[in-house]
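In: dropping a prediction and its sequence here:
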Amino acid sequence: MGAIDSTDLAGTHEVVSIDGRTFTCRIPLDLGLLAGDLAVIDSQGRTRMLGQVLDLELDGRLVICRGRLLADVGDDGTLGALKPRPFGGGALQRAPKELVEAFDRWAKADLVVGTVRVDDGSVPATLRADGFNRHTFVCGQSGSGKTYALGVVLERVLAYTDLKMVIIDPNADYVRLGEVRPEATGDAADRMRRVPVEVLRSGSAADEPGARPLTVNFRELSRKNRAALLRVDPMADREEYSALRRILTAGDLKMEDAQEYFALLSANDDPVSLAIAQRLENLGLLDLSVWSRGRLSCVSQFHEAERAVVMDVSGFSDPRERSIAALSLLDDLWANRESREPVLIVIDEAHNLCTAEPADALEEAVTDRLVQIAAEGRKYGLWLLLSTQRPSKIHPNVLSQCDNLMMMRMNSPGDVAELGAVFGFAPPSLLAAAPTFGLGETLLAGRFSPLARIAKMGERLTYQGGADVDVPRSAD
Ligand SMILES: Nc1ncnc2c1ncn2[C@@H]1O[C@H](COP(=O)(O)OP(=O)(O)O)[C@@H](O)[C@H]1O
Ligand SMILES: [Mg+2]
């Protein structure tokens, strides 16, 4: 890119930096700068710098502008690491498009997920693929475009990385993640066409020809979780808990589902075994459609899969089935954590599974596992990507472990302020804009974004939803 002409820097805005890392100045409103914008700062005779405006405050007819310095800009426009030094009396202008793009390249952000408005048009909104080795939180009002936006992000991650992922999909929104739209062209679409996506279905969709059912092998649940499912408490139900332990460790039982387990327990004349059998029956666990009954379990299917597995839990009629399916996979990922095979664990509508207030032992088991993965999973390559419209329902210990934030429209400024306290890395001025976002607009902040900024999400390469139903047109 060309050098920046000093004559553009009309007048001086008294840009001052006393720490060499942040700056303050007074600018006229018509300079057109908004919070989040990048600006070129000319500190009179010294190297130019690139900075980001983070806060604007009206002061009479001027605007007090505060921001942080990002990089040094050479005479030829190349970017270099910031060499912090104090200065005073500089001038500032909006950074031209080329410089914003150069900054993204310099910050190694190359997953294009949308666009960012700049003075002279727009530039691609990019994310750093490397930044997904952290936990990510997506939030926004219902209908703000979370599921769509998450789809855009997942497509780019699938197209440009080798990261394996599992998507727990409560509304069958991702069951066509493997189908690239014929009209989608370009490198990302071509790459996405080569990505294998396995889809596991539940309910009646599982019975459709060619469908792979989403099932759980009863044996694959940990001992503790089987007890949780049976509501056997280790202290309150000491005898049953220890019997459960004993029976399950006796020999190499080939029980795949609760039915077989029930048969085994009922055949026993020991009263404790019978009591457990009654629990299975009375809790209605025998008839759940989730048990594998000889079919391949979701854990086995995930092990066999090369890249992405979508677990469509929308068809389960009993909410426990969703928890059982999630738990079996999360337990398996945790049990194999030493293999350090990176996995992105995506959960849409995450308040269902990672709830701050679990209603029973089963929900608690799922939440506990997610809290553990949030706290310790990172070093094993287990990274969470959670999406919700109800951030206050998510367990706080999970929320506080997220280093990446995607915030879409949030109507309540109170909710936004609460999240601001958790996500200290997101600039308050950008968070405050969340109630005004349109469909598909989002704040991107944290490690995966080269800058905290507001972007408009790009188009999906694949289809959202199980079956898009067209409005029937009249024939004439
Ligand atoms: N960036 C976008 N461009 C076009 N349509 C979008 C975009 N984002 C969302 N939509 C559409 O808006 C509707 C709501 O989006 P969705 O992602 O389901 O919202 P949420 O998950 O936040 O409830 C859907 O019909 C979706 O296809
Ligand atoms: Mg959604």
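Out: Cool, got the structure. Ligands and ions are numbered 1, 2, ... in the order given.
In: can you name the residue of the stretch 251-400 of the chain nearest ligand 2?
Out: Residue of the stretch 251-400 of the chain nearest ligand 2, by C-beta to the ion: Asp348 (5.9 Å). (Each C-beta comes from the backbone N, C-alpha and C, glycine too.)
In: and that residue, what pLDDT?
Out: pLDDT for Asp348: 97.
In: what about it, how many neighbours?
Out: Residues within reach of Asp348, counting by other C-beta atoms under 10 Å, total 22.
In: against Asp75, how distant is it?
Out: 48 Å (C-beta to C-beta, to the nearest Å).
In: which ones are touching the spatially closest residue to Arg337 that is not a sequence neighbour?
Out: The spatially closest residue to Arg337, leaving aside those adjacent along the chain, is Tyr380, at 3.8 Å (C-beta to C-beta, 6 or more residues apart in numbering). Tyr380 makes contacts with Arg337, Glu338, Arg340, as judged by C-beta atoms under 8 Å, 6 or more residues apart in numbering.
In: recalculate using a threshold of 10 Å.
Out: Going by C-beta atoms under 10 Å, 6 or more residues apart in numbering, Tyr380 touches Leu333, Trp334, Asn336, Arg337, Glu338, Ser339, Arg340, Glu341, Pro342, Val343, Ile373.
In: is it true that the third one touches His303?
Out: If I follow you right, that is Asn336. Yes: the criterion here is C-beta atoms under 10 Å, and Asn336 meets it with His303 at 8.8 Å.
In: more neighbours, the two?
Out: Using other C-beta under 10 Å as the criterion, Asn336 and His303 rank with Asn336 on top: 15 against 12.
In: distance check, the more buried one against Leu200.
Out: When distance is defined by C-beta to C-beta, Asn336 is 19 Å away from Leu200.
In: now for the residue of the stretch 251-400 of the chain found nearest ligand 1, how many residues are close by?
Out: Per C-beta to the nearest ligand atom, the residue of the stretch 251-400 of the chain with the smallest distance to ligand 1 is Gln389, at 6.3 Å. For Gln389, the neighbour count with other C-beta under 10 Å is 19.
In: that one: what's it in contact with?
Out: Contacts for Gln389 were tallied using C-beta under 10 Å, 6+ apart; they are 138-144, 146, 349-351, 408, 410, 415.
In: ok, back up a step: need the contacts of Tyr380 in JSON lines (columns: distance to ligand 2 and pLDDT).
Out: Below are the contacts of Tyr380 laid out as JSON lines (distance: C-beta to the ion, whole Å; pLDDT from 0 to 100):
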{"residue": "Leu333", "distance to ligand 2": "24", "pLDDT": "97"}
{"residue": "Trp334", "distance to ligand 2": "26", "pLDDT": "97"}
{"residue": "Asn336", "distance to ligand 2": "30", "pLDDT": "96"}
{"residue": "Arg337", "distance to ligand 2": "29", "pLDDT": "97"}
{"residue": "Glu338", "distance to ligand 2": "34", "pLDDT": "97"}
{"residue": "Ser339", "distance to ligand 2": "32", "pLDDT": "96"}
{"residue": "Arg340", "distance to ligand 2": "31", "pLDDT": "95"}
{"residue": "Glu341", "distance to ligand 2": "28", "pLDDT": "95"}
{"residue": "Pro342", "distance to ligand 2": "25", "pLDDT": "97"}
{"residue": "Val343", "distance to ligand 2": "22", "pLDDT": "98"}
{"residue": "Ile373", "distance to ligand 2": "22", "pLDDT": "98"}
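In: and which of these is nearest to Asn397?
Out: Of all the contacts of Tyr380, Asn397 sits closest to Ile373, with 10.9 Å by C-beta to C-beta.
In: starting at the chain centroid, how far to stretch 166-177?
Out: Remark: stretch 166-177 is offset 13 Å from the chain centroid, using C-alpha atoms, centre = their mean, to the nearest Å.
In: state the mean pLDDT of that stretch.
Out: The predicted model assigns stretch 166-177 a mean pLDDT of 97.
In: could you list the buried residues of that stretch?
Out: For stretch 166-177, the neighbour count (16 or more other C-beta atoms under 10 Å) marks Val166, Ile167, Ile168, Asp169, Pro170, Ala172, Asp173, Tyr174, Val175, Arg176, Leu177 as buried.
In: ok, now how distant is Pro96 from Ser474?
Out: Per C-beta to C-beta, Pro96 is found 51 Å from Ser474.
In: and Trp291, by the same measure?
Out: Counting by C-beta to C-beta, the gap from Trp291 to Ser474 is 47 Å.
In: what's the nearest residue to Arg453 if we skip its chain neighbours?
Out: Gly36 (5.0 Å).
In: please consider this matter closed, and thank you.
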